[in-house]
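Engineer: Curious how this folds, go ahead:
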Amino acid sequence: MSKPKVLITRNIFPEAIEAIKEVAEIDLWTDEMPPTREVLIEKSKGIDGILCLLTDKIDGEFMDNAGPQLKVISQIAVGYNNIDIGAATKRNIPVGYTPDVLTHATADFAFTLLMSAARLIIPGHTAAHDGSWKTWHPLHFLGQDIYGSKLGIVGMGRIGFEMAKRSTGFDMDILYYDVDRREDLEKELEMAHVSMDELLKDSDFVSIHVDLNPTTTHMFSDKQFKQMKSSSVVINAARGPVIDHMALYRALKNKEIAAAGLDVTEPEPIPDNHPLLSLDNCLIVPHIASATFATRRAMSNLAATNLINGLLGKSLSTCVNPEVDIKKI
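Structural biologist: Numbering: from 1, shown residues only. You can find the predicted model right below:
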């Protein structure tokens, strides 16, 4: 009996690939850049499963082109806006993703961004290397205090809560906004659920941890930045389109807020002529919050497990549309 065929759209950890090889015939895309839409469609023909990334558009056209034998879609990411979940559910295809395993690494990195943006790490590093650091001066490289400040967290999910936990070591007061009040989490940490307006007005740091959907797209724009303190620092380790980048540029340029730290941008990578890159109070890194050896290995292995389970007709470990997955058990 021939093995099912799967497409893997980027290199992942070798042990995950070897595990998939035990049960499937693999077509592995090894280029650093993602396959084009045309290539993705061409390679989808006749596959039984796919292990994909956020950069791959997996829609109804892709699924129909693959054929009715397509059994599973496995994403190596916690987000899945690139996948048409409705189309997959309609076709009884379970969609796997990789939550939880990247929570701690992402929260660690969000706090790293907070500290680095607040304390002018990048301008200081640049000055030490380009010769512009001439002397110690009482008024040079003045940043924002972290200890004893007020942290506003937008989105109190897994990562938002871990961000809150990390802030307790700095005796920060914690405010949070979420469409659903999390009284269960409030019992674990001393934090207050407030309106978005109150959070923006009172917070020294605003850290964004929401998923991307129509209600969160550009939820931070001119109006929101104008509500913040001129000393505020905004951090985004969620999804790039949550922030209107030109509005952020105006707020930073006009000193309506003090600084920003971005792990994600819109688009990715950010164009090298984008005005945000001209500002020394905007720290931008290339979507690396989950980039630790242990975390990316765990993501690879979980994505592989979801793919294998789907091919074998078993329940996925982590499934976006469990109403379909349950039918497969």
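
Engineer: Can you give me the pLDDT of the residue nearest in space to the middle of the chain?
Structural biologist: Nearest to the mean C-alpha position of the chain, by CA atoms, centre = their mean, lies Ala238 at 4.1 Å. Reading off the confidence values, Ala238 has pLDDT 97.

Engineer: List of residues touching the lowest-mean-pLDDT helix or strand in the chain?
Structural biologist: One helix or strand of the chain scores below all others by mean pLDDT, DSSP states H and E: helix 322-328, with a mean of 79. Helix 322-328 is contacted from outside by 88-89, 92-94, 310, 313-316, 319, using CB atoms under 8 Å, 6 or more residues apart in numbering. The C-beta positions use only the backbone N, C-alpha and C, and glycine is treated the same way.

Engineer: pLDDT, neighbour count and distance to Ser44 added to those, as a markdown table?
Structural biologist: Formatted as a markdown table, those follow (pLDDT from 0 to 100; neighbours: other CB atoms under 10 Å; distance: CB to CB, whole Å):
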| residue | pLDDT | neighbour count | distance to Ser44 |
| --- | --- | --- | --- |
| Ala88 | 98 | 24 | 13 |
| Thr89 | 98 | 16 | 18 |
| Asn92 | 97 | 15 | 17 |
| Ile93 | 98 | 25 | 12 |
| Pro94 | 98 | 26 | 17 |
| Gly310 | 98 | 28 | 15 |
| Gly313 | 95 | 10 | 21 |
| Lys314 | 96 | 16 | 23 |
| Ser315 | 96 | 15 | 24 |
| Leu316 | 97 | 26 | 20 |
| Cys319 | 98 | 21 | 21 |
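
Engineer: Run through the strands of the stretch 1-150 of the chain in chain order.
Structural biologist: All strands of the stretch 1-150 of the chain, identified by DSSP state E, counting those that start in this stretch, fall at 5-8, 25-28, 49-52, 72-75, 95-96, 150-154.

Engineer: from the chain's centre, how far out does stretch 13-23 sit?
Structural biologist: Centroid displacement of stretch 13-23 relative to its chain, using CA atoms, centre = their mean, to the nearest Å, is 25 Å.

Engineer: Same question for stretch 222-237.
Structural biologist: A distance of 19 Å separates the centroid of the chain from that of stretch 222-237, by CA atoms, centre = their mean.

Engineer: Quick check: end-to-end length of that stretch?
Structural biologist: This stretch, stretch 222-237, spans 20 Å end to end (CA to CA, to the nearest Å).
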